[in-house]
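In: build me a model from this:
(one chain, ligands or ions: 2)
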Amino acid sequence: MNSSDALDTLTLDAKARKVAVLGAGSWGTTFSKILADGGADVAVWARRPELAREITESNRNSDYLPGINLPERVTASASLPLVLEGAEQVFLSVPSQSLRANLEAVRELIPADAIVVSLMKGVEKGTGLRMSEVIEQVLGIDADRIAVVSGPNLALEIAKEQPTAAVVSSRSLENATLVAMTATNPYFRSFVNTDVIGTEFGGVLKNLIAVAIGIVDGVGYGENTKASIITRGLVEMTDFAVAYGARPETLSGLAGLGDLIATCESSLSRNNTAGRLLGQGYTFTDVVKQMNQTAEGLSSVGPVLELALAKGVEMPIVSQVAGVLAGTLNPRDIAPHLTTDPMPQGE
Ligand SMILES: NC(=O)C1=CN([C@@H]2O[C@H](COP(=O)(O)OP(=O)(O)OC[C@H]3O[C@@H](n4cnc5c(N)ncnc54)[C@H](O)[C@@H]3O)[C@@H](O)[C@H]2O)C=CC1
Ligand SMILES: O=C(CO)COP(=O)(O)O
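Out: Ligands and ions are numbered 1, 2, ... in the order given. Just a heads-up that it's a prediction; the model follows:
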C-alpha cells in the first residue's frame, strides 16, 4: 500500500489511545489536556515527583496553569519507563536547549513504532539544528516517524478551552494525520502539512519578532511601529525559511502569520514579556532572572543569525533584537531599523 492509499483507509478509529508527553511545563501540561479531551489516555513525565503527584492526585498543575482542572485521563510520573510504556505517540515539550540530553535518557525507552512529536519552538545552540533534526540525530529514527506541532497556541488560553487551531507537520502525511486526529477535540483543531522546515522555523522566528514587539512596547511606541515590525518581520521570517527549503505559503499559515499575530499581541507570551522588560531598560541578565518560564527567543537569536549569515539572508529586525540583548543597541533605536540599506527598498 503506498502512503496515499494508506491515507484513504484512515478512519477516526486510528486515533492513538495511549500517548506520552515529556515535560510538565505550561505547554506540555496544556497539550496533555488537549490529547485527553480528544479521547487518549495521557501519561506525562514531570521531572519533580511532587509535581507528578499534584497532577495525578489533584488534577492540577498550579505552578504553570493556575485555576485549570486537568482531565482524569491525564496522569503523571517522574519515571520515564512508566510513562513511555506502550505509548503510540510521544510528545516532547522541554526547553529546546535541553532536548538532546533528555532524548539521550529516553533513547532505549521509546516504543519501536511510536511517532515522536516535537511541540517545541527553538533551534539548538552550537549546531543550529531544528528540534526534529535533533530528534532524528539522537534517536536515529526515520524522519517519517517524526512530526512537529506549531501554531497560535498560547497555553493558558487553550487550557481555558478557547477555540484554537494548530498545524501538525511530518514528511509522512499519514503520520501527520494520525497525530492531528489524536490532537483534535471540541476546542482544538489540528490541520496537517508536510512542510516540516517551514512549520518549525515559523515557530522559532515569530518568537524573535515577538521580542522586538515587546521591546518597542516597553519603550512606549504605538501601533504603527508594531504593525511595521510585524509586517516586515513576516518578510524576514519568510526569506529565512524559504532559503532553508520551506514553502512560502507555510509562513502565511497558522505556523507563521497565525502564531506571529498571537505572540505579538499577547501579554501571555513570554517572548513578548521578555522584550517588554528589555524595552523598559532591564538588562538581559535581569530579564533572564525575572523569567520563570521558557522564552525560547532569547536562546535562538544567536543560532538564527548564524544560519541567516550562512545563506546570505538579511534579518535587520532580528539583528536589532540581538543588539538590544547584547546591550549594544538602545531599545529606543530599534524601530527605524527595518532595513539595513539607507536607500529606499522595494517592499
Ligand atoms: N507555553 C506555551 O504557550 C507554548 C510553548 N511552546 C513551546 O513548548 C516548549 C516548552 O515550553 P513551555 O512548556 O512553555 O515551558 P515552561 O517553562 O512552562 O516548562 C518547561 C518544562 O520543562 C522542564 N525543564 C526545564 N529544564 C529542563 C531540563 N533541562 N530537562 C527537562 N525538563 C526541563 C521544566 O521543569 C518545565 O516543566 C518551548 O519550546 C516553547 O516554545 C509551544 C507552544 C505554546
Ligand atoms: O508559542 C507560543 C504561542 O504560540 C507561546 O509563546 P511564548 O513562548 O512567547 O509564550
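In: where along the stretch 51-200 of the chain do the helices fall?
Out: Assignment of helices within the stretch 51-200 of the chain using DSSP state H, counting those that start in this stretch yields the ranges 80-84, 99-106, 131-139, 155-159, 173-182, 196-219.
In: ok, the closest residue to E72 other than its chain neighbours - contacts?
Out: Leaving out its chain neighbours, the residue that sits closest to E72 by CB to CB, 6 or more residues apart in numbering is N59, at 6.8 Å. Heads up, the C-betas are built off the backbone N, CA and C, glycines and all. By CB atoms under 8 Å, 6 or more residues apart in numbering, the contact set of N59 is N69, L70, P71, E72, V74.
In: most neighbours of all those residues, which one?
Out: Neighbour counts for the contacts of N59 were taken using other CB atoms under 10 Å; the highest belongs to L70, which has 25 neighbours.
In: excluding covalently adjacent residues, which one is nearest to it?
Out: Distances taken as CB to CB, 6+ apart put N59 closest to L70, at 4.4 Å, once the chain neighbours are dropped.
In: now do the phi/psi pair for the residue most central in space within the chain.
Out: The geometric centre of the chain, computed from its C-alpha atoms, lies nearest to K121 (CA atoms, centre = their mean), at 3.0 Å. According to degrees, to the nearest 10, the main-chain angles of K121 amount to phi -130, psi 60.
In: ok, the nearest residue to it once chain neighbours are set aside - contacts?
Out: For K121, ignoring the flanking residues on the chain, the nearest one in space by CB to CB, 6+ apart is G203 at 3.5 Å. Shown in contact with G203 (CB under 8 Å, 6+ apart): M120, K121, S150, A255, D259.
In: where's the residue nearest to the centre of the chain relative to ligand 1, distance?
Out: To ligand 1, K121 is 4 Å away according to CB to the nearest ligand atom, to the nearest Å.
In: so C264 makes contact with V211?
Out: No: taking CB atoms under 8 Å as the contact criterion, C264 and V211 are not neighbours in contact, 9.8 Å apart.
In: so which of the two has more stuff around it?
Out: Neighbours of C264 and V211, each counted by other CB under 10 Å, are more numerous for V211; the result is 34 against 24.
In: no further queries at this time; thank you.
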